[in-house]
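Asker: Predicted structure and sequence below. I'll ask about it afterward.
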Amino acid sequence: MHTDENRHSSEDSLLALDLIDDAWSQAAKNGVPHELMAYAAVFTGMRDLVAMFGETAVAAMAKNLETRIRQGEFSDDSSAMH
């Protein structure tokens, strides 16, 4: 899947992550369970990716997620917070 990642700076990526972290914290303060936030975030992200790149490209990306998850790509110290 071709993305515009190369047009986005590391600063943009960090800002996006900070905004998501802030929303996640706000939801937790309002009693929203972390797993519901995770489902909502995945759904919203997939919906936006499909709108930008189409079903075929996003399905190809999603097909690789199992391997990436098992390899620990999404695991880090902050995952204990969520």
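Answerer: That came through, no problem.
Asker: so where's this structure uncertain?
Answerer: Scanning the chain for pLDDT under 70 picks out 1-6, 77-82.
Asker: which residues of it fall in strands?
Answerer: For the chain, no strands turn up when DSSP state E is the criterion.
Asker: quick one, helices of it?
Answerer: In the chain, the helices defined using DSSP state H lie at 10-29, 34-53, 55-63, 65-70.
Asker: Please name whichever of those helices is nearest to Asp76.
Answerer: helix 10-29 (11.5 Å; Cβ to Cβ). The way it works is simple: take the backbone N, C-alpha and C, and place the C-beta from them, glycine included.
Asker: Give me the angle between that closest one and helix 34-53.
Answerer: Helix 10-29 runs at 140 degrees relative to helix 34-53, counting by axes from the mean of the first three to the mean of the last three Cα atoms, to 10 degrees.
Asker: ok, the residue nearest to Ile20 when sequence neighbours are not counted to Ser9 distance?
Answerer: With sequence-adjacent residues excluded and distances taken as Cβ to Cβ, 6 or more residues apart in numbering, Ile20 is closest to Ala41, at 7.1 Å. Look at Ala41 and Ser9: by Cβ to Cβ, to the nearest Å, they are 22 Å apart.
Asker: just Leu65 next, same as before
Answerer: Note on Leu65: its distance to Ser9, by Cβ to Cβ, is 25 Å.
Asker: what's the answer for Leu36, then?
Answerer: Leu36 is 31 Å from Ser9, by Cβ to Cβ.
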